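# Test case, fold it:
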Amino acid sequence: MNNFINISDLSKNELRSIIDGAKKRKSERGKKPNSQPDTDQPIKGKTMIMLFAKPSTRTRISFDLAVNQLGGSSIILNQDEIHYGKGDETIKDTAKVLSQYADILMIRTDSHKDINEFKKYLEIPIINGLTNLSHPCQIMSDILTFEESRGNIEGKTLAWLGDGNNVANSFIEAAVKFEFALNIACPKKYQPDKKIVSMAKKNNCKLLITEDPYKAVKDADCIMTDKWISMGDKGDKNKKKKVLKKYQVNKKIMKAAKSDAIFMHCLPASREEEVTSEVMDGKQSVVWLQAFNRIHAQKSIIEWCIK
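Numbering: from 1, shown residues only. This next block holds a predicted model:
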């Protein structure tokens with residue numbers, strides 16, 4: 001039984017096995033309809049409970065498809081349908097109950113602390129579907145997408161522009177494990193988590209944090225961004241957008257990277273804010289492949305957790 005909570009929890013070999021497993025399953029499926037299960041159905045008879053304390057499109061649909069393609073079944077719960085988060089049942093008690101009903105739990109919540117609390121009391125594996133601190137499943141899909149587009153990610157240079165949010169945090173952890181260079185351009189106020197940055201530097205990660213977007217994208221093989229206003233963001237949203245304006249990914253920024261650089265965005269996107277439609281719909285964009293690959297990356301994560 002394995003938990004998938006942080007990229008940093010896994011070894012380089014474990015992470016590589018998940019990526020390679022995703023590539024293999026995707027290749028073997030060919031052009032099967034999404035509703036059709038894989039031939040071997042490795043988790044037939046097993047159930048995943050998905051608990052959503054935050055809205056979701058891609059995570060919810062891709063995990064549901066992933067479980068069904070692997071031969072299992074899923075139960076999807078929103079926070080308003082259960083006691084979790086309302087203060088009338090402890091996480092310990094919820095975890096004990098869910099352990100009797102399912103073979104694996106995926107949770108999407110604001111609180112990373114809650115994920116770790118669930119882990120303490122669960123008797124089944126847990127997958128982090130997004131917290132305020134990290135988004136590891138997204139990063140595995142992104143690495144799969146990068147390698148399908150540009151080859152092995154080791155030794156390559158990736159650039160992140162905008163808010164140093166949970167996705168940026170997980171990318172830093174991935175840069176340590178997969179040994180790629182990561183340049184992050186963001187205002188000082190919106191830099192990534194200090195503990196994660198410190199961990200990366202202690203592990204000799206090729207990590208650059210700058211306020212200059214053009215310095216970040218120089219010689220980059222990939223440029224990435226995310227929404228400037230995340231779910232649950234507090235404070236003056238217009239002020240934040242104004243501060244982040246110079247980090248927009250546009251045609252000029254793309255031209256400053258390598259000529260064959262790709263563009264990735266984990267979606268949803270606010271067009272003409274963090275990215276222009278010209279880039280989003282352009283030839284260098286792989287955002288739709290990136291979204292589709294969530295299914296395949298998560299299938300491999302589920303298999304790794306349950307084995």
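
# Which of the three states applies to residue 127?
Under DSSP: H, G, I helix; E, B strand; the rest coil, the three-state class of residue 127 is strand.

# Now do it: how many residues are near it, please.
With neighbours defined by other Cβ atoms under 10 Å, the count for residue 127 comes to 24. C-beta coordinates here come from the backbone N, C-alpha and C atoms, glycine included.

# wouldn't it be in contact with residue 301 here?
Yes - Residue 127 is in contact with residue 301 according to Cβ atoms under 8 Å; the separation is 6.2 Å.

# Spit out the residues that contact the two alike.
The overlap between the contact sets of residue 127 and residue 301 (Cβ atoms under 8 Å, 6 or more residues apart in numbering) consists of 4, 137.

# average pLDDT for the helix or strand harbouring residue 290?
Applying DSSP states H and E as the criterion places residue 290 in helix 287-306. Computed over helix 287-306, the mean pLDDT rounds to 98.

# mind listing what's buried in that helix?
Buried positions in helix 287-306, judged by neighbour count with 16 or more other Cβ atoms under 10 Å: 287, 290-306.

# what do you get for stretch 150-167?
Result for stretch 150-167 [16+ other Cβ under 10 Å]: buried residues 150, 153, 156-167.

# Could you work out the end-to-end span of stretch 188-197 for me?
By Cα to Cα, to the nearest Å, the extent of stretch 188-197 from end to end equals 13 Å.

# Show residues contacting that stretch.
Identification of contacts with stretch 188-197 by Cβ under 8 Å, 6+ apart yields 8, 133, 162-165, 168-169, 172-173, 184, 186, 207, 209, 211, 240, 243-244.

# mean confidence score for it?
Stretch 188-197 comes out at a mean pLDDT of 98.

# Just the buried residues of that stretch, please?
The neighbour-count check on stretch 188-197 (16+ other Cβ under 10 Å) flags 190, 192, 193, 196, 197 as buried.

# Which members of those occur in helices, if any?
Using DSSP state H, the members of those that fall in helices are 196, 197.

# Including distance to residue 51, could the buried residues of stretch 188-197 go into JSON lines?
Shown next, in JSON lines, are the buried residues of stretch 188-197 (distance: Cβ to Cβ, whole Å):
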{"residue": "190", "distance to residue 51": "29"}
{"residue": "192", "distance to residue 51": "26"}
{"residue": "193", "distance to residue 51": "24"}
{"residue": "196", "distance to residue 51": "25"}
{"residue": "197", "distance to residue 51": "30"}
